[in-house]
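1. Any chance you can model this:
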Amino acid sequence: MQPPMGNERPPPPGRPVSAFVPGAAVPPPPFAAGGQLAPQPRQGVPPPQSGAAAPPFGAAPPAAMGGYRGPTPSQGPFAAVPPPQRPFTSGPPPQGPFTSAPPSQGPFASAPSSQGPFASAPPSQGPFASAPPSQGPFAAGPTPPGPFGAAPAPFRPPPSSSSLGQPQSPTGGALPPPPNYARPPPLQSQGFYPGARPTNPQFPMSRPAFQQPVQTMPPPPMGPTAMFGNQAAYPSTGPPVGGTLQSLVEDFQSLALSSAPGSLDPGVDIKGLPRPLDGDEEPIKLLESYPLNCHPRYFRLTTHAIPASQSLVSRWHLPLGAVVHPLAESPDGEEVPVINFGSAGVIRCRRCRTYVNPYATFADAGRKWRCNLCTLLNDVPGEYFCALDASGRRFDTDQRPELSKGTVEFVAPTEYMVRPPMPPSYFFLIDVSVSAVRSGLLEVVAKTIKSCLDELPGFPRTQIGFLTFDSTLHFHNFKSSLSQPQMMVVADLDDVFLPLPDDLLVNLVDSRHVVESFLDSLPNMFHDNVNVESALGPALKAAFMVMSQIGGKLLVFQSTLPSLGIGRLRLRGDDVRAYGTDKEHILRVPEDPFYKQMAAEFTKNQIAVDIFSFSEKYSDIASLGSLAKYTGGQVYHYPSFQAATHGDKLKHELSRDLTRETAWESVMRIRCGKGVRFTTYHGHFMLRSTDLLALPAVDSDKAFAMQLSLEETLMTTQTVYFQVALLYTSSSGERRIRVHTAAAPVVTDLGEMYRQADTGAIVSLLGRIAVENSLSDKLDSVRQQLQLKLVRSLKEYRNLYVVQHRIGGRLIFPESLRFLPLYILAICKSLALRGGYADVSLDERCAAGFSMMILPVKGLLNFIYPSLYRVDEVITMEPNKIDGSLKRLPLTMQCLDTGGLYLLDDGFSFLVWLGRMLPPELVNNILGVSLANFPDLSKIQLRECDNEFSRNFMKILGTLREKNPSYHQLCRVVRQGEQPREGFLLLSNLVEDQMAGTSSYVDWILQIHRQTQS
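-> Numbers count the residues shown, from 1 in each chain. Below you'll find the predicted structure:
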């Protein structure tokens, strides 16, 4: 008979675990009275030799304890053992787990790292296996000598959060190892783990993987001692503590972090580390508890459990707030219902102005309704009256979407209008200097705009206009009676004026032929232009003068640094000396206040600004981006733009910008129930009052985040309600109010806050806060702040269980936040926050920061932790099987096979990585060219070729693009070993690897674990 191992072993007969009472009579356990149990050979484990000196890794001195103690060390792990000394027997003083004992023998005794209850060990010595007394879960032993084998000291009260030391920056490398730890020499292998070939599907390898050229430490060997599990950290065969054992199993996951003395293994199972390979996990289960809430795609709290007191908030350590995506696209068949109250008017609370919603209750036979936010009793208009049933519910509740659905849209009456609804207006400000002409920019922009004229929203009310500029301003008259547009040049940049009172912004239907004529002639109109100057500031003032009466969207196409007139900028991006100093952040904020002032004027007049930047050199995105930041706009960055390479990307993104459904002249407010309020907001908007966000234009590609605070020391309600209201003008000219309503419980238990945490919302809020902090602090300080928040939160969570459960050698974390450590590491390594001067160009860093501020949760998570796929095996399949065959891989070089073809997708670009051993025929079929004849892969344009492999490959790209239509992923190709392109295109995105002074995922986990125990 083979004895069961791990948590498979049932409780010993006669001693039910759940009913163990110290002092009660317990019958002798089996195999404990001298009878020998012959060991059965197990696969992969050699049988014990007679006379063996000791079990592996050195056994500690035996310590007596009650109950079954396992075999004697002298005859292997399954040998017999002398009769144990059970608790409360005569003889030597009792030393069971619930008796007083010296520190070396009590239940919190320190043990060698390889022998503690949560140490990684061979199966015969794991925390749930039968083991010699010196290796049982309550064994005593000397202080652990291993470098990572920290076991718990005798219990002492947990330290306060104020005593935490400053954590090491994630970009500063791993913490230094203890003095007795010698870092191993680099392996001479090709970068794969020694031993048996991995069979984990996350790490498929048919050949040795490619070794990182800059890796300074070889990956840890995958020995049998590493282990990761979702099981409870407390041995399931031990006595329950305080009746919480079952809840503990459901509360947290744990990760073994201990190594054997002298072992090169850091004690972490790299394959068992949590990875978000399924992408964003929307908290859909909340709808089971709160079916009347709006869908999480519109509104997500960082934790769906509101703390009942300020003391709970102070122990949470992570941001408390929400992510709002008011115009998120809903799947087909789930359109938002539109409600017109007619003569009754929009039903709202007369005190707090909350809109009627599913959580409102009715009283007085249906003549009154109680506001769920402020509890005021309001009158029900006669036109809206309906009788109540026996339970107090209106008979027509199911027929009224506003009373049965969390998301609705109301048609707003005339009192919600300051002026008649504006028509959708598009004004294009186009740089026509020599760089724009030579790059092919003008041709792509002109053709794209012309192709979108039929799809511009708002037909037949749509307005359109153009202004071109270099060192002068060129106005264009589009009067409908003209056959060709007239160009008027204004050279006075100091006193800008409009040469015409009208016909600069015209109705598209009336002047369609003139507009098309202009777009056809635009590329040739300036093809001889050699002007290198850019008068962007005066051009912005002119555009404001044209648009201020109507409002709309201003699209700026800028291909060189503004150099003339007001708003001219200087070259400041190459100031290496500023990095690492207190002046570093100045490079990331606008140098000239002109752009923020203009943004305020634009917002006041309902004008949103989108920036398209194409410069080959520094173009000061930090300054130009503020135009988009404060007007609800967007920044698109195309470094070193060339029409042949970037044309498809620009065409798709400009088309989407022009044709997506847009909410015009909008304002948004979020109302909260009693006791809480939103304090800070993060995103692209202008804050008009303390809680009113002005959004001249908003669409389905933009999300907002905000932080929440408690107004009272102690909450008195059991539920908190939230209501997001977006008042806007639709493209059809109708004034509407989109309303999202949600409810969340108030809790007094910190553990419940952790259980209900939403990792996606937390990461979105943390990312936005970090980007904003980088505008006033050093990057290194921002990364340290992120790490400190993570350490404090996990330390606080650990303190919930460390007193009653023996978890010394483990990093524990709630199931809901199992991906948070990796995501925070990914934020620290993101384009906006990684490294210093030499790692990312200043424009790219700022553009990435602007993108992170508006991305919805799903897009942001994919941006910081991109999707990696192996596709050489998929493109050989039948086309109808391809979609379900793409599996995400961990972002580490260990997943890359030298004979594989891989695709990396971060939502903004594709990277195709060609392994060194990839068959040349396959490469030629996909690329359409021979690599031998095409040495510069940076100029390859992927097109569908006439073969099955190419068609399947392009189908994969198309499928991924359809999943995220907001951006068009530009496809770049790189070969294994092609430096420096491989380094900054691929290796910098492998966030789990150690590179350029940054921590690997394993080092990061070890750092976090040490700091949570400090």
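
2. and S966, what does it touch?
-> Neighbouring residues of S966 by Cβ atoms under 8 Å, 6 or more residues apart in numbering: 656, 701, 859, 907. C-betas here are computed from N, CA, C, even on glycine.

3. Inside helices: which ones of these?
-> With helices taken from DSSP state H, the overlap with these comprises 656, 859.

4. So for the host helix or strand of F984, what gets flagged as buried?
-> For F984, the host element (DSSP states H and E) is helix 981-985. Buried residues in helix 981-985, counted by 16 or more other Cβ atoms under 10 Å: 981-983, 985.

5. From the contact counts, what lies against it?
-> Using 3 or more Cβ pairs under 8 Å, 6 or more residues apart in numbering; DSSP states H and E as the contact test, the elements touching helix 981-985 are strand 970-975.

6. pLDDT (mean, whole number) over the strand it packs on?
-> In this model, strand 970-975 has a mean pLDDT of 92.

7. Strand partners (parallel or antiparallel) of it?
-> Strand pairing for strand 970-975, using DSSP bridges, gives strand 909-914 (parallel).

8. contact partners of the partner strand?
-> Residues from elsewhere that reach strand 909-914 (Cβ under 8 Å, 6+ apart): 896, 901-904, 923, 931, 942, 957, 960, 969-976, 982, 985-986, 989.

9. Now rank the contacts of S966 by neighbours and give me the top one.
-> Taking other Cβ atoms under 10 Å as the neighbour criterion, G907 ranks highest of these with 23 neighbours.

10. Wait, that residue touches G859, no?
-> Yes: counting by Cβ atoms under 8 Å, G907 touches G859, with 5.5 Å between them.

11. joint contacts of these two?
-> The contact lists of G907 and G859 share 964, 966, where a contact means Cβ under 8 Å, 6+ apart.

12. How many residues are close by the residue nearest to L500 when sequence neighbours are not counted?
-> Spatially, and ignoring its direct neighbours in sequence, L500 is nearest to N477 (5.9 Å; Cβ to Cβ, 6 or more residues apart in numbering). By other Cβ under 10 Å, 19 other residues sit near N477.

13. P745: which of the buried residues of helix 981-985 is nearest?
-> In terms of Cβ to Cβ, no member of these lies closer to P745 than L985, at 46.4 Å.

14. Let me see the contact set for the closest one.
-> 911, 972, 974.

15. Among those residues, name the buried ones.
-> 911, 972, 974.

16. Now tabulate the residues you listed in TSV and tack on distance to E665.
-> Listed next are these as TSV, based on distance: Cβ to Cβ, whole Å:
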residue	distance to E665
L911	40
R972	40
V974	45
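
17. from those, which is closest to S709?
-> Among the buried ones among the contacts of L985, and counting by Cβ to Cβ, the member closest to S709 is L911, at 41.7 Å.

18. how about the residue nearest to the closest one when sequence neighbours are not counted, what does it touch?
-> Of all residues not flanking L911 in the chain, L904 sits nearest, at 4.1 Å (Cβ to Cβ, 6+ apart). By Cβ under 8 Å, 6+ apart, the contact list for L904 reads 866-868, 910-911, 913, 986, 989.

19. Can you tell me the strand partners of the host helix or strand of L904 and which way each runs?
-> Taking DSSP H and E as the definition, L904 sits inside strand 901-905. With DSSP bridges as the test, strand 901-905 is paired with strand 867-870 (antiparallel), strand 909-914 (antiparallel).

20. Please enumerate the strands of the stretch 351-500 of the chain.
-> 361-363, 368-370, 377-379, 407-411, 425-431, 463-469, 473-477, 486-490 (DSSP state E, counting those that start in this stretch).

21. Let me know the distance separating the spatially most central residue of the chain from L903.
-> Nearest to the mean C-alpha position of the chain, counting by Cα atoms, centre = their mean, stands L861 at 3.0 Å. As judged by Cβ to Cβ, to the nearest Å, L861 and L903 stand 18 Å apart.

22. Would you agree the residue nearest to L500 is in contact with L498?
-> No: counting by Cβ under 8 Å, L498 is not a contact partner of N477; they are 11.0 Å apart.

23. any common contacting residues for these two?
-> Taking Cβ under 8 Å, 6+ apart as the criterion, N477 and L498 both touch L504.

24. Which segments of the chain make up each domain?
-> Using the TED database, the domain parsing of the chain gives 284-329+664-828, 349-403, 425-660, 866-990.

25. and the ones you listed, which one's lowest on average pLDDT?
-> When I compare these, domain 866-990 is least confident, with a mean of 89.

26. Can you show me the helices along the stretch 501-650 of the chain?
-> For the stretch 501-650 of the chain, helices defined by DSSP state H, counting those that start in this stretch occupy the ranges 512-525, 536-547, 594-604, 621-629, 643-659.

27. Count the neighbours of G928 for me.
-> As a burial measure, G928 scores 17 neighbours (other Cβ under 10 Å).

28. ok, V720 - how many residues close by?
-> 23.

29. Over to P457?
-> Residues near P457, counting by other Cβ under 10 Å: 17.

30. For it, which non-adjacent residue is closest in space?
-> In space, P457 is closest to S731, 3.6 Å off (Cβ to Cβ, 6+ apart).

31. On the three-state scheme, that neighbour is what?
-> coil (DSSP: H, G, I helix; E, B strand; the rest coil).

32. Tell me the bridge partners for the residue nearest to L500.
-> Beta-bridge partners recorded for N477 (DSSP bridges): Q486.

33. ok, now which ones touch it?
-> Counting by Cβ under 8 Å, 6+ apart, N477 has contacts 485-488, 500, 503-504.

34. can you do 7 Å?
-> By Cβ atoms under 7 Å, 6 or more residues apart in numbering, the residues touching N477 are 485-486, 488, 500, 503-504.

35. Any quick PyMOL command for the buried ones out of those residues?
-> Applying 16+ other Cβ under 10 Å to the contacts of N477, the buried members can be selected in PyMOL as follows:
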select buried, resi 485+503+504
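
36. ok, which pair from the contacts of N477 is furthest apart?
-> Pairwise distances across the contacts of N477 peak at 11.6 Å for P485 and L500 (criterion: Cβ to Cβ).

37. hmm, back to that, using CSV, write down the CA coordinates of the helix holding F984.
-> The C-alpha trace of helix 981-985 is given here as CSV (Å, rounded to 0.1, in the frame of the first residue of the first chain):
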residue,chain,number,x,y,z
ARG,A,981,16.2,46.4,-33.1
GLU,A,982,15.5,43.1,-31.2
GLY,A,983,16.4,44.8,-27.9
PHE,A,984,14.1,47.8,-28.1
LEU,A,985,11.3,46.1,-30.0
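
38. Could you count how many residues lie near A436?
-> For A436, the tally of surrounding residues (other Cβ under 10 Å) stands at 25.

39. Tell me how many other residues crowd the nearest residue to it once chain neighbours are set aside.
-> Distances taken as Cβ to Cβ, 6+ apart place S559 nearest to A436, at 4.1 Å, with adjacent residues excluded. By the criterion of other Cβ under 10 Å, S559 has 25 neighbours.

40. S559 is in contact with L441, isn't it?
-> Yes: judged on Cβ atoms under 7 Å, S559 makes contact with L441 at a distance of 5.9 Å.

41. circling back: now distance to S774 too, for the contacts of S966, in a markdown table please.
-> What follows is these, written out as a markdown table (distance: Cβ to Cβ, whole Å):
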| residue | distance to S774 |
| --- | --- |
| R656 | 28 |
| D701 | 23 |
| G859 | 20 |
| G907 | 21 |
